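A.B. asks: My questions are about this predicted structure, shown below with the sequence.
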Amino acid sequence: MDVTLAIVILVVVVALVFDYTNGFHDAANAIATSVSTRALTPRIALALAAVMNFVGAFLGQKVAQTVSDVISPPQDNHGLIIVCAGLFGAIAWNLITWYFGLPSSSSHALIGGLAGSAIAAGVTVNWDTVLNKVVIPMLLSPLFAFAAGFAVMLALLWLFKRANPHRANRGFRIAQTFSAAAMALGHGLQDAQKTMGVIFLALLTGGYVSAGDPLPIWVIVAAAAAISAGTWAGGWRIMRTLGRRIIHLDPPQGFAAETVAASVLYTTAFVYSAPISTTHTITSAVMGVGATKRLSAVRWGVARTILAAWVLTFPAAAAVAAASYYLLHGLTGI
(Lines give C-alpha, C1' and ligand atoms only; values in the text may rest on other atoms or scores of the structure.)
Protein backbone atom coordinates (compact mmCIF):
# COMPACT_ATOMS: atom_id res chain seq x y z
CA MET A 1 0.00 0.00 0.00
CA ASP A 2 1.47 3.35 -1.01
CA VAL A 3 1.62 6.31 1.37
CA THR A 4 -1.07 8.35 -0.43
CA LEU A 5 -3.62 5.54 -0.30
CA ALA A 6 -2.88 4.95 3.39
CA ILE A 7 -3.45 8.63 4.20
CA VAL A 8 -6.66 8.70 2.12
CA ILE A 9 -7.98 5.70 4.08
CA LEU A 10 -7.03 7.44 7.34
CA VAL A 11 -8.86 10.63 6.32
CA VAL A 12 -11.96 8.66 5.28
CA VAL A 13 -12.00 6.85 8.64
CA VAL A 14 -11.58 10.14 10.55
CA ALA A 15 -14.38 11.69 8.43
CA LEU A 16 -16.71 8.82 9.34
CA VAL A 17 -15.78 9.23 13.02
CA PHE A 18 -16.77 12.90 12.66
CA ASP A 19 -20.02 11.78 11.00
CA TYR A 20 -20.71 9.45 13.94
CA THR A 21 -20.08 12.22 16.49
CA ASN A 22 -22.32 14.47 14.39
CA GLY A 23 -25.07 11.86 14.70
CA PHE A 24 -25.02 11.51 18.47
CA HIS A 25 -24.31 15.22 18.96
CA ASP A 26 -27.28 16.22 16.80
CA ALA A 27 -29.70 13.39 17.61
CA ALA A 28 -31.52 15.83 19.86
CA ASN A 29 -32.21 18.14 16.92
CA ALA A 30 -34.84 15.83 15.49
CA ILE A 31 -36.34 14.19 18.55
CA ALA A 32 -35.89 16.31 21.69
CA THR A 33 -39.18 18.12 21.20
CA SER A 34 -41.11 14.90 20.49
CA VAL A 35 -39.63 13.17 23.54
CA SER A 36 -40.17 16.15 25.84
CA THR A 37 -43.86 16.37 24.87
CA ARG A 38 -44.21 12.57 25.26
CA ALA A 39 -45.30 12.24 21.65
CA LEU A 40 -42.67 9.50 21.24
CA THR A 41 -40.69 7.35 23.64
CA PRO A 42 -36.92 7.95 23.53
CA ARG A 43 -36.06 4.63 21.85
CA ILE A 44 -38.81 4.88 19.23
CA ALA A 45 -37.79 8.48 18.55
CA LEU A 46 -34.13 7.49 18.16
CA ALA A 47 -35.01 4.62 15.81
CA LEU A 48 -37.19 6.95 13.71
CA ALA A 49 -34.43 9.57 13.58
CA ALA A 50 -31.76 6.99 12.65
CA VAL A 51 -33.84 5.60 9.77
CA MET A 52 -34.81 9.02 8.42
CA ASN A 53 -31.21 10.26 8.73
CA PHE A 54 -30.12 7.35 6.54
CA VAL A 55 -32.81 8.02 3.94
CA GLY A 56 -32.15 11.77 3.91
CA ALA A 57 -28.51 11.21 2.99
CA PHE A 58 -29.58 9.95 -0.45
CA LEU A 59 -31.75 12.94 -1.36
CA GLY A 60 -29.14 15.32 -2.76
CA GLN A 61 -25.49 16.27 -3.29
CA LYS A 62 -25.53 20.08 -3.52
CA VAL A 63 -24.46 20.62 0.10
CA ALA A 64 -21.62 18.09 -0.33
CA GLN A 65 -20.37 20.05 -3.35
CA THR A 66 -20.37 23.26 -1.32
CA VAL A 67 -18.38 21.69 1.55
CA SER A 68 -15.80 20.24 -0.85
CA ASP A 69 -15.25 23.77 -2.20
CA VAL A 70 -14.49 25.44 1.17
CA ILE A 71 -10.70 25.01 0.82
CA SER A 72 -8.37 24.26 -2.09
CA PRO A 73 -5.56 22.09 -0.69
CA PRO A 74 -2.70 20.91 -2.91
CA GLN A 75 -3.41 17.56 -4.55
CA ASP A 76 -0.76 15.63 -2.70
CA ASN A 77 -0.09 14.08 0.72
CA HIS A 78 0.31 17.53 2.28
CA GLY A 79 -3.23 18.39 1.19
CA LEU A 80 -4.53 15.21 2.82
CA ILE A 81 -2.84 16.15 6.11
CA ILE A 82 -4.62 19.53 5.95
CA VAL A 83 -8.03 17.87 5.47
CA CYS A 84 -7.34 15.39 8.28
CA ALA A 85 -6.35 18.17 10.69
CA GLY A 86 -9.55 20.04 9.87
CA LEU A 87 -11.58 16.97 10.82
CA PHE A 88 -9.71 16.64 14.13
CA GLY A 89 -10.68 20.22 14.99
CA ALA A 90 -14.35 19.55 14.26
CA ILE A 91 -14.41 16.28 16.23
CA ALA A 92 -12.75 17.92 19.26
CA TRP A 93 -15.32 20.73 19.37
CA ASN A 94 -18.20 18.26 18.95
CA LEU A 95 -16.98 16.25 21.93
CA ILE A 96 -16.41 19.32 24.12
CA THR A 97 -19.88 20.78 23.49
CA TRP A 98 -21.51 17.34 23.83
CA TYR A 99 -19.84 16.89 27.24
CA PHE A 100 -21.25 20.19 28.49
CA GLY A 101 -24.65 19.58 26.88
CA LEU A 102 -24.44 22.57 24.54
CA PRO A 103 -26.27 22.30 21.18
CA SER A 104 -23.55 23.84 19.03
CA SER A 105 -23.20 23.35 15.28
CA SER A 106 -21.31 20.34 13.93
CA SER A 107 -21.56 21.96 10.50
CA HIS A 108 -19.81 25.14 11.53
CA ALA A 109 -17.25 23.15 13.53
CA LEU A 110 -16.40 21.30 10.31
CA ILE A 111 -16.13 24.49 8.23
CA GLY A 112 -14.11 26.19 10.97
CA GLY A 113 -11.82 23.18 11.26
CA LEU A 114 -11.12 23.05 7.52
CA ALA A 115 -10.49 26.79 7.40
CA GLY A 116 -8.21 26.68 10.46
CA SER A 117 -6.01 23.90 9.13
CA ALA A 118 -5.83 25.58 5.70
CA ILE A 119 -4.77 28.91 7.23
CA ALA A 120 -2.13 27.17 9.35
CA ALA A 121 -0.79 25.45 6.24
CA GLY A 122 -0.84 28.63 4.18
CA VAL A 123 -3.20 27.32 1.51
CA THR A 124 -6.29 28.90 -0.04
CA VAL A 125 -9.57 29.24 1.82
CA ASN A 126 -12.39 30.03 -0.60
CA TRP A 127 -13.78 32.92 1.38
CA ASP A 128 -16.52 33.69 -1.16
CA THR A 129 -17.96 30.22 -0.57
CA VAL A 130 -17.56 30.55 3.20
CA LEU A 131 -19.24 33.97 3.25
CA ASN A 132 -22.10 33.32 0.82
CA LYS A 133 -22.83 29.67 1.60
CA VAL A 134 -21.95 29.47 5.30
CA VAL A 135 -21.72 32.77 7.18
CA ILE A 136 -24.73 34.57 5.66
CA PRO A 137 -27.02 31.51 5.96
CA MET A 138 -25.65 31.00 9.49
CA LEU A 139 -26.88 34.47 10.45
CA LEU A 140 -30.17 34.44 8.55
CA SER A 141 -31.48 30.91 9.16
CA PRO A 142 -31.85 31.23 12.97
CA LEU A 143 -33.54 34.62 12.62
CA PHE A 144 -35.97 33.23 10.04
CA ALA A 145 -36.61 30.09 12.13
CA PHE A 146 -37.37 32.21 15.21
CA ALA A 147 -39.76 34.50 13.31
CA ALA A 148 -41.42 31.63 11.43
CA GLY A 149 -41.79 29.60 14.63
CA PHE A 150 -43.46 32.57 16.32
CA ALA A 151 -45.79 33.13 13.32
CA VAL A 152 -46.74 29.47 12.85
CA MET A 153 -47.46 29.06 16.56
CA LEU A 154 -49.68 32.15 16.56
CA ALA A 155 -51.57 30.72 13.57
CA LEU A 156 -52.08 27.39 15.34
CA LEU A 157 -53.31 29.15 18.50
CA TRP A 158 -55.85 31.08 16.42
CA LEU A 159 -56.98 28.05 14.38
CA PHE A 160 -57.47 25.83 17.43
CA LYS A 161 -58.63 28.45 19.91
CA ARG A 162 -62.02 26.71 20.35
CA ALA A 163 -60.67 23.15 20.26
CA ASN A 164 -60.83 20.85 23.26
CA PRO A 165 -57.32 21.08 24.79
CA HIS A 166 -57.10 17.34 25.55
CA ARG A 167 -58.12 16.34 22.02
CA ALA A 168 -55.89 18.97 20.45
CA ASN A 169 -52.84 17.80 22.40
CA ARG A 170 -53.54 14.19 21.47
CA GLY A 171 -53.83 15.13 17.80
CA PHE A 172 -50.61 17.13 17.85
CA ARG A 173 -48.76 14.27 19.55
CA ILE A 174 -49.70 12.10 16.58
CA ALA A 175 -48.73 14.89 14.17
CA GLN A 176 -45.35 15.16 15.88
CA THR A 177 -44.47 11.68 14.61
CA PHE A 178 -44.53 13.14 11.10
CA SER A 179 -42.87 16.46 11.96
CA ALA A 180 -40.06 14.65 13.84
CA ALA A 181 -39.59 12.34 10.84
CA ALA A 182 -39.43 15.37 8.53
CA MET A 183 -36.88 17.02 10.80
CA ALA A 184 -34.71 13.87 10.88
CA LEU A 185 -34.94 13.56 7.09
CA GLY A 186 -33.73 17.17 6.78
CA HIS A 187 -30.89 16.44 9.20
CA GLY A 188 -29.74 13.52 7.05
CA LEU A 189 -30.07 15.65 3.92
CA GLN A 190 -27.92 18.38 5.43
CA ASP A 191 -25.41 16.79 7.78
CA ALA A 192 -24.58 13.48 6.09
CA GLN A 193 -23.77 15.44 2.93
CA LYS A 194 -21.17 17.49 4.80
CA THR A 195 -19.19 14.35 5.54
CA MET A 196 -19.64 13.21 1.94
CA GLY A 197 -18.16 16.53 0.85
CA VAL A 198 -15.07 16.07 3.03
CA ILE A 199 -14.53 12.50 1.82
CA PHE A 200 -14.86 13.67 -1.78
CA LEU A 201 -12.34 16.44 -1.03
CA ALA A 202 -9.93 13.80 0.33
CA LEU A 203 -10.40 11.60 -2.75
CA LEU A 204 -9.89 14.64 -4.99
CA THR A 205 -6.76 15.69 -3.09
CA GLY A 206 -5.38 12.15 -3.33
CA GLY A 207 -6.07 11.99 -7.06
CA TYR A 208 -8.72 9.26 -6.91
CA VAL A 209 -11.54 11.37 -8.42
CA SER A 210 -11.77 14.43 -10.66
CA ALA A 211 -13.49 17.69 -9.78
CA GLY A 212 -16.54 17.04 -11.98
CA ASP A 213 -17.13 13.43 -10.92
CA PRO A 214 -20.32 12.43 -9.08
CA LEU A 215 -20.10 11.17 -5.51
CA PRO A 216 -19.20 7.45 -5.43
CA ILE A 217 -22.11 5.41 -4.09
CA TRP A 218 -19.91 3.89 -1.35
CA VAL A 219 -19.28 7.39 0.01
CA ILE A 220 -23.02 8.07 0.27
CA VAL A 221 -23.75 4.71 1.94
CA ALA A 222 -20.83 5.02 4.39
CA ALA A 223 -21.78 8.58 5.43
CA ALA A 224 -25.45 7.65 5.78
CA ALA A 225 -24.62 4.60 7.91
CA ALA A 226 -22.21 6.51 10.18
CA ILE A 227 -24.61 9.35 10.96
CA SER A 228 -27.46 6.88 11.54
CA ALA A 229 -25.34 4.83 13.94
CA GLY A 230 -24.39 7.99 15.82
CA THR A 231 -28.02 9.08 16.00
CA TRP A 232 -29.01 5.70 17.44
CA ALA A 233 -26.31 6.13 20.11
CA GLY A 234 -28.23 9.25 21.18
CA GLY A 235 -27.28 12.60 22.62
CA TRP A 236 -29.08 12.71 25.96
CA ARG A 237 -27.19 15.68 27.44
CA ILE A 238 -28.12 17.97 24.54
CA MET A 239 -31.63 16.52 24.40
CA ARG A 240 -32.29 17.80 27.92
CA THR A 241 -31.14 21.29 26.92
CA LEU A 242 -33.32 21.49 23.82
CA GLY A 243 -36.35 19.71 25.24
CA ARG A 244 -36.55 21.15 28.75
CA ARG A 245 -34.01 23.78 29.71
CA ILE A 246 -34.87 26.35 27.03
CA ILE A 247 -38.63 26.06 27.54
CA HIS A 248 -41.10 23.37 28.58
CA LEU A 249 -42.85 22.48 25.31
CA ASP A 250 -46.37 21.21 24.72
CA PRO A 251 -47.34 19.11 21.63
CA PRO A 252 -48.55 22.02 19.45
CA GLN A 253 -45.32 23.92 20.14
CA GLY A 254 -43.23 20.86 19.39
CA PHE A 255 -45.07 20.30 16.11
CA ALA A 256 -44.66 23.95 15.08
CA ALA A 257 -40.94 24.04 15.91
CA GLU A 258 -40.16 20.81 14.06
CA THR A 259 -42.22 21.77 11.00
CA VAL A 260 -40.56 25.17 10.69
CA ALA A 261 -37.04 23.78 11.20
CA ALA A 262 -37.56 21.00 8.64
CA SER A 263 -38.84 23.52 6.07
CA VAL A 264 -35.75 25.69 6.52
CA LEU A 265 -33.43 22.67 6.12
CA TYR A 266 -35.08 21.58 2.87
CA THR A 267 -35.10 25.08 1.40
CA THR A 268 -31.46 25.82 2.13
CA ALA A 269 -30.30 22.40 0.86
CA PHE A 270 -32.29 22.24 -2.38
CA VAL A 271 -32.49 25.93 -3.31
CA TYR A 272 -29.31 27.52 -1.93
CA SER A 273 -26.92 24.52 -1.53
CA ALA A 274 -26.05 26.00 1.86
CA PRO A 275 -24.72 23.78 4.69
CA ILE A 276 -26.68 25.41 7.51
CA SER A 277 -26.76 24.28 11.11
CA THR A 278 -29.65 22.01 12.04
CA THR A 279 -28.86 22.83 15.68
CA HIS A 280 -29.18 26.59 15.19
CA THR A 281 -32.37 26.13 13.20
CA ILE A 282 -34.32 23.91 15.61
CA THR A 283 -33.11 25.82 18.69
CA SER A 284 -34.24 29.14 17.20
CA ALA A 285 -37.59 27.63 16.19
CA VAL A 286 -38.09 26.33 19.74
CA MET A 287 -37.39 29.82 21.10
CA GLY A 288 -39.78 31.35 18.56
CA VAL A 289 -42.72 29.12 19.44
CA GLY A 290 -41.98 29.54 23.14
CA ALA A 291 -42.02 33.31 22.89
CA THR A 292 -45.72 33.20 21.90
CA LYS A 293 -46.58 32.40 25.53
CA ARG A 294 -44.60 35.34 26.80
CA LEU A 295 -41.00 36.38 26.35
CA SER A 296 -40.18 35.42 29.93
CA ALA A 297 -41.27 31.83 29.21
CA VAL A 298 -38.02 31.31 27.31
CA ARG A 299 -35.05 30.79 29.62
CA TRP A 300 -32.85 33.42 28.06
CA GLY A 301 -29.93 32.64 30.36
CA VAL A 302 -29.69 29.17 28.80
CA ALA A 303 -30.17 30.76 25.37
CA ARG A 304 -27.23 33.11 26.03
CA THR A 305 -25.01 30.15 26.94
CA ILE A 306 -25.99 28.42 23.70
CA LEU A 307 -25.32 31.63 21.75
CA ALA A 308 -21.85 31.84 23.30
CA ALA A 309 -21.14 28.29 22.09
CA TRP A 310 -22.31 29.27 18.60
CA VAL A 311 -19.97 32.27 18.51
CA LEU A 312 -17.02 30.21 19.76
CA THR A 313 -17.54 27.32 17.32
CA PHE A 314 -15.65 28.73 14.32
CA PRO A 315 -12.56 30.03 16.15
CA ALA A 316 -12.38 27.12 18.61
CA ALA A 317 -12.62 24.43 15.93
CA ALA A 318 -10.17 26.40 13.76
CA ALA A 319 -7.66 26.69 16.62
CA VAL A 320 -7.76 22.96 17.40
CA ALA A 321 -7.46 22.16 13.68
CA ALA A 322 -4.45 24.46 13.33
CA ALA A 323 -2.76 22.81 16.31
CA SER A 324 -3.60 19.38 14.82
CA TYR A 325 -2.03 20.43 11.53
CA TYR A 326 1.22 21.54 13.19
CA LEU A 327 1.34 18.28 15.16
CA LEU A 328 0.64 16.04 12.14
CA HIS A 329 3.01 18.04 9.96
CA GLY A 330 5.73 17.81 12.59
CA LEU A 331 5.28 14.08 13.24
CA THR A 332 5.04 13.00 9.61
CA GLY A 333 7.25 15.58 7.93
CA ILE A 334 4.62 15.84 5.18
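C.D. replies: Cool, the structure landed. Numbers count the residues shown, from 1 in each chain.
A.B. asks: What ranges in this structure fall below the confidence cut-off?
C.D. replies: Low-confidence segments of the chain, defined by pLDDT under 70, are located at 1, 27-30, 101-103, 234-248, 295-303, 305-306.
A.B. asks: which stretches of it form strands?
C.D. replies: Counting by DSSP state E, the chain has strands at residues 71-72, 124-125.
A.B. asks: Near residue 214, how many other residues are there?
C.D. replies: Residue 214 has 10 neighbouring residues, counting by other C-beta atoms under 10 Å. C-betas here are computed from N, CA, C, even on glycine.
A.B. asks: Grab the nearest non-local neighbour of it.
C.D. replies: Leaving out its chain neighbours, the residue that sits closest to residue 214 by C-beta to C-beta, 6 or more residues apart in numbering is residue 61, at 7.3 Å.
A.B. asks: go on, residue 120?
C.D. replies: In this structure, residue 120 finds its nearest non-sequential neighbour in residue 322, 3.8 Å apart by C-beta to C-beta, 6+ apart.
A.B. asks: show me what contacts the one you found?
C.D. replies: 85, 89, 116, 117, 119, 120 (C-beta atoms under 8 Å, 6 or more residues apart in numbering).
A.B. asks: what's the answer for residue 82, then?
C.D. replies: 71, 73, 117, 118, 121, 123, 325.
A.B. asks: Tell me the spacing between it and residue 324.
C.D. replies: 10 Å (C-beta to C-beta, to the nearest Å).
A.B. asks: do the same with residue 231
C.D. replies: Distance from residue 231 to residue 324, by C-beta to C-beta: 26 Å.
A.B. asks: follow-up on the earlier one: please identify which two of the contacts of residue 82 are farthest apart in space.
C.D. replies: By the measure C-beta to C-beta, 71 and 325 form the most distant pair in the contacts of residue 82, at 11.8 Å.
A.B. asks: Look up how far residue 226 lies from residue 15.
C.D. replies: From residue 15 to residue 226 the distance is 8 Å (C-beta to C-beta).
A.B. asks: Over to residue 204?
C.D. replies: Counting by C-beta to C-beta - residue 204 and residue 226 are separated by 20 Å.
A.B. asks: Also residue 312?
C.D. replies: Distance, residue 312 to residue 226, by C-beta to C-beta: 26 Å.
A.B. asks: residue farthest from the centroid of this protein?
C.D. replies: residue 162 (38.0 Å; C-alpha atoms, centre = their mean).
A.B. asks: joint contacts of residue 82 and residue 324?
C.D. replies: Common contacts of residue 82 and residue 324 (C-beta under 8 Å, 6+ apart): residue 117.
A.B. asks: show me where the protein has helices.
C.D. replies: All helices of the chain, identified by DSSP state H, fall at 3-36, 42-56, 62-67, 77-99, 106-121, 127-129, 136-159, 165-187, 193-206, 217-233, 236-240, 251-270, 278-290, 300-332.
A.B. asks: ok, the residue nearest to residue 205 when sequence neighbours are not counted - contacts?
C.D. replies: Spatially, and ignoring its direct neighbours in sequence, residue 205 is nearest to residue 79 (4.0 Å; C-beta to C-beta, 6+ apart). For residue 79, the contact set (C-beta under 8 Å, 6+ apart) comprises 73, 123, 205.
A.B. asks: Narrow those to those that are buried.
C.D. replies: Taking 16 or more other C-beta atoms under 10 Å as the criterion, what is buried in those is 73, 205.
A.B. asks: Residue 52: which of the contacts of residue 79 is nearest?
C.D. replies: Using C-beta to C-beta, the contacts of residue 79 come closest to residue 52 at residue 205, 31.6 Å.
A.B. asks: Now the phi/psi pair for the residue farthest from the centre of the chain, please.
C.D. replies: Dihedral pair for residue 162: phi -100, psi 0, per degrees, to the nearest 10.
A.B. asks: State the distance from it to residue 156.
C.D. replies: 13 Å.
A.B. asks: what do you get for residue 145?
C.D. replies: From residue 145 to residue 156 the distance is 16 Å (C-beta to C-beta).
A.B. asks: before we move on, the earlier item: quickly list what's touching both of residue 15 and residue 226.
C.D. replies: Taking C-beta under 8 Å, 6+ apart as the contact rule, the neighbours common to residue 15 and residue 226 are residue 195.
A.B. asks: more crowded one of these two?
C.D. replies: residue 15 (30 against 24).
A.B. asks: wait, the more buried one sits on residue 88?
C.D. replies: No. Applying C-beta atoms under 8 Å, one finds residue 15 not in contact with residue 88, separated by 10.8 Å.
A.B. asks: so residue 219 touches residue 200, yeah?
C.D. replies: Yes. Residue 219 lies in contact with residue 200 (C-beta under 8 Å); the separation is 6.5 Å.
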